[in-house]
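K.L.:
Provided below are the primary sequence and the corresponding predicted coordinates.
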Amino acid sequence: MGRVGRGFGAVGFVGALLAGTVSAAVAQTDPVSGCDGWQMDTVAQNLGDLENLETDGHGGFYVSPLNGHKIYDIDAAGVVTVIPDDAAASAMGLQRDGTTLYIIGNLADGTGVQALDTETGAITKVSGLFGNGLLRLPNGDLLTTWLGYESLPPAGVSIYHHDTGAVQANWSPVPRAEGLTLSADGSTIYTDDIITGLIYRIPVADPVHWTTVGRLDGLFPGDDDLTISQAGTLYVAAHIKGSIDRVDPATGATCSIATGFSPGWTGPSSVRIGPDGDNWALYVTAFDGTFRRLRPPPGVDLTPTTAG
């Protein structure tokens, strides 16, 4: 959802440290269960700086490279094709509703949010909103995050109201929000702070009153994106630490389930739950151009949500 080194950068990180935001981390409890025994394999590689992903509804994924001017469709066998996306210069976030793929571009592209008909290739401009993350709510509204750089301040989580076309910046004024995911019951949004490693909970009915539910370990984990299972467990891509972490939002307990990624600027950028035959697995994009699959150990329920 946006490499730290290409936006906020080291200056912003040092500023956060000086401001003491990292020291405000939530106390950790015992690690959550289901941390060990995950198996990772490569689905596809050499795809450029992979930024985001979304299920394609056919057992595969849409995957976007940063500044790649294309969107890949990777099927269950790892076969890669390119779908029409001439107007999507840099797909920072992807969300699918049936055959419509919503795409959010960054500030430099000036493309805003677009809707791509994956059957016809037709592209429609939805909104001028730009950002790092994108989430479609069940009612059709779109949420975006903006970390803040290029002389513009952070915009927290903003909302596009689909019925009126109105945009409300800082709908939830969380600091340095990146990824977005929605709880199974549709009542709660989770986002992450790429600088401090904090995980935030946002009530949909009262987005101004957000709270902190936990923090990834390490001085600068670089939370970049996250997803949630039907059971309510969060999975977070930490691209600076080079790991996928499992978080229990009820207790704040965390653990790393996979650490075999390249740490630093080439680490994991996004994570989603998707089909793996008759089972479910985590799928991960990384800035090293590799698309990977993480299969859970026995007893871990990876059933995805249907809330959004």
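P.N.:
That came in fine, so what should we check first?

K.L.:
where does the stretch 1-150 of the chain have low pLDDT?
P.N.:
The model of the stretch 1-150 of the chain has pLDDT under 70 over residues 1-32, 68, 84-89, 106-110, 148-150.

K.L.:
which stretches of the stretch 201-308 of the chain form strands?
P.N.:
211-215, 223-228, 234-238, 243-247, 254-258, 268-276, 279-286, 291-295 (DSSP state E, counting those that start in this stretch).

K.L.:
how about these in JSON lines, adding mean neighbour count and distance to Val126?
P.N.:
In this view, the C-beta of every residue, glycine as well, is placed from N, C-alpha and C. Output for these, formatted as JSON lines (neighbours: other C-beta atoms under 10 Å; distance: least, C-beta to C-beta, whole Å):
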{"stretch": "strand 211-215", "mean neighbour count": "19", "distance to Val126": "30"}
{"stretch": "strand 223-228", "mean neighbour count": "27", "distance to Val126": "21"}
{"stretch": "strand 234-238", "mean neighbour count": "28", "distance to Val126": "26"}
{"stretch": "strand 243-247", "mean neighbour count": "26", "distance to Val126": "31"}
{"stretch": "strand 254-258", "mean neighbour count": "22", "distance to Val126": "34"}
{"stretch": "strand 268-276", "mean neighbour count": "23", "distance to Val126": "21"}
{"stretch": "strand 279-286", "mean neighbour count": "23", "distance to Val126": "23"}
{"stretch": "strand 291-295", "mean neighbour count": "20", "distance to Val126": "27"}
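
K.L.:
so who does Val80 touch?
P.N.:
By C-beta atoms under 8 Å, 6 or more residues apart in numbering, the residues touching Val80 are 44, 47, 72-74.

K.L.:
surely Glu51 touches Ser269?
P.N.:
Yes. The pair Glu51 / Ser269 is scored as a contact, 5.5 Å apart, by C-beta atoms under 8 Å.

K.L.:
circling back: any idea which of the contacts of Val80 has the most stuff around it?
P.N.:
Tyr72 (23 neighbours; other C-beta atoms under 10 Å).

K.L.:
could I get the strands of the stretch 201-308 of the chain as TSV with distance to Val63 and mean pLDDT?
P.N.:
Converted to TSV, the strands of the stretch 201-308 of the chain look like this (distance: least, C-beta to C-beta, whole Å; pLDDT from 0 to 100):
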stretch	distance to Val63	mean pLDDT
strand 211-215	28	96
strand 223-228	13	94
strand 234-238	13	96
strand 243-247	16	96
strand 254-258	18	95
strand 268-276	9	96
strand 279-286	6	96
strand 291-295	6	96
